[in-house]
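Undergrad: What follows is a predicted structure for the sequence shown.
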Amino acid sequence: MQLYLGLMSGTSLDGLDIALIEQSEKTTLLATHYLPMPEELRADILALCAPGPDELARAATTEQRWVRLAAQGIQTLLKQQELTPASIRAIGSHGQTIRHEPTRGFSIQIGNPALLAELTSISVVSDFRRRDVAAGGQGAPLVPAFHETLFGEQHCFRAVLNIGGFSNLSLLAPAQPVRGFDCGPGNVLMDAWIQRQRGDSYDRDGAWAASGKVQSELLEALLSDPFFNTRGPKSTGRELFNLDWLDQHLDTQPHYVEADVQATLLELTAISISKALHSAQSETEELLVCGGGAHNRTLVTRLAALLPGCAVNSTQAYGVPADWVEAMAFAWLAHCCLEGIPTNRPSVTGACGLRVLGAIYPA
């Protein structure tokens, strides 16, 4: 029995997910722990996602705070499970993405894996994206290989949709290599808009969006961004889709009711996903949803309406909690790195070949 910890902090910046898995012939989730992101740390990370003064020093000090928070969470989980650091083969740490620009040859995650290994006395595998980028790939999404492991044994056309800050699809077809790509904004614009207008961190169940009316003219303008008409491999991030991007469109449009903007942003997410899925794999019979967006009832209901003939379910239907798929994935990626198993997929990222992903920091 091999135990691994997966550590994931996504673009939504709501908190740190820690998953404990047992890795044998299959991946089994044993325990989880969630740490809310302190507001000051969240603000400092968000500031690093755009150019600013003294970036190197700010990144170095910010990632130390991020690591100490992560180490605290890991120690709590181990104590709850009555485990010692020696029980864990490795931590798979994604780190926190602050810039993702593969067209310029880089994807940057902060997370100081050396300090994490020092604080936890557990080996750390990190820096999963840069090898794929070095091989000419997008460095994202990385989870399709894991989705294939969990959900690929079937005789139908299936897709797995992760809705975090951004949305990405994994396409699972019988006797074909997994494919996948980023679709565009997931929760990122909806979260940013509701925080600006109402001070809430997210729109629970999509209730505020449901109270508004989709503005077709604004939606058409948002969907005119070239990203939505680009076929995969492709990935995106806050460098493109952010409040400044939204404001540029709002400035050229009539004044809209705030709830209507939220409704339109939800529709943008739903339509960009449904169109991407239909274009890439129109035969899809089942869509499995994971990530924070799986809890947005308004969004999931809208996706189901836009995808007639396709069953839309949570990954929970197959025994995998929707909130923990990505943290599990990075625990699995750590295992694969230590075993020398390639985990990028050229059919997903566009890399020139299979690569073993991750850098190892021994305990």
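TA: Cool, the structure landed.

Undergrad: for this protein, what spans make up the helices?
TA: 39-48, 55-80, 113-120, 130-134, 144-151, 188-198, 207-211, 216-223, 243-251, 258-280, 297-306, 325-339, 346-349 (DSSP state H).

Undergrad: and the shortest one, what does it pack onto?
TA: Going back to what we said before, that points to helix 346-349. In terms of contacts (3 or more Cβ pairs under 8 Å, 6 or more residues apart in numbering; DSSP states H and E), helix 346-349 is packed against strand 179-185. Yep, even glycine has a C-beta here, placed from its N, CA and C like the rest.

Undergrad: mind checking how far the strand it packs on is from the chain centre?
TA: Chain-centre distance of strand 179-185: 10 Å, with Cα atoms, centre = their mean, to the nearest Å.

Undergrad: wait, which of the helices of the chain is closest to residue 102?
TA: Across the helices of the chain, the minimum distance to residue 102, taken as Cβ to Cβ, is reached by helix 130-134, at 5.3 Å.

Undergrad: Pull out the buried positions in that closest one.
TA: Using 16 or more other Cβ atoms under 10 Å as the test for burial, helix 130-134 gives 130, 131, 132, 133.

Undergrad: The second one and residue 352 touch, don't they?
TA: Looking back up the chat, that one is residue 131. No. Assessed by Cβ atoms under 8 Å, residue 131 is found out of contact with residue 352, at 11.6 Å.

Undergrad: Save the helices of the chain as JSON lines, and put in mean pLDDT and distance to residue 11 too.
TA: Below are the helices of the chain laid out as JSON lines (pLDDT from 0 to 100; distance: least, Cβ to Cβ, whole Å):
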{"stretch": "helix 39-48", "mean pLDDT": "95", "distance to residue 11": "10"}
{"stretch": "helix 55-80", "mean pLDDT": "98", "distance to residue 11": "14"}
{"stretch": "helix 113-120", "mean pLDDT": "98", "distance to residue 11": "20"}
{"stretch": "helix 130-134", "mean pLDDT": "97", "distance to residue 11": "17"}
{"stretch": "helix 144-151", "mean pLDDT": "95", "distance to residue 11": "17"}
{"stretch": "helix 188-198", "mean pLDDT": "97", "distance to residue 11": "6"}
{"stretch": "helix 207-211", "mean pLDDT": "98", "distance to residue 11": "19"}
{"stretch": "helix 216-223", "mean pLDDT": "96", "distance to residue 11": "18"}
{"stretch": "helix 243-251", "mean pLDDT": "94", "distance to residue 11": "14"}
{"stretch": "helix 258-280", "mean pLDDT": "97", "distance to residue 11": "13"}
{"stretch": "helix 297-306", "mean pLDDT": "98", "distance to residue 11": "17"}
{"stretch": "helix 325-339", "mean pLDDT": "98", "distance to residue 11": "11"}
{"stretch": "helix 346-349", "mean pLDDT": "96", "distance to residue 11": "18"}
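
Undergrad: Could you export those as CSV, including distance to residue 86?
TA: Listed next are these as CSV, based on distance: least, Cβ to Cβ, whole Å:
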stretch, distance to residue 86
helix 39-48, 30
helix 55-80, 10
helix 113-120, 11
helix 130-134, 29
helix 144-151, 26
helix 188-198, 39
helix 207-211, 47
helix 216-223, 51
helix 243-251, 46
helix 258-280, 43
helix 297-306, 42
helix 325-339, 16
helix 346-349, 35
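
Undergrad: so which of the ones you listed is the most packed in?
TA: Sort the helices of the chain by mean neighbour count, taking mean count of other Cβ atoms under 10 Å, and helix 325-339 sits at the top with a mean of 25.

Undergrad: Show the contacting residues for the residue of the chain positioned farthest from its centre.
TA: For the chain, the largest distance from the centre (Cα atoms, centre = their mean) belongs to residue 254, which lies 33.2 Å off. Residues near residue 254 by Cβ atoms under 8 Å, 6 or more residues apart in numbering: residue 217.

Undergrad: for the one 5 residues further on, same thing?
TA: For residue 259, the set of contacting residues under the criterion of Cβ under 8 Å, 6+ apart consists of 208, 209, 211, 212, 213.

Undergrad: Which residue lies closest in space to it, excluding its sequence neighbours?
TA: Setting aside the residues directly before and after it, residue 259 is nearest to residue 212 in space (Cβ to Cβ, 6 or more residues apart in numbering), at 3.3 Å.

Undergrad: Sounds good, over and out.
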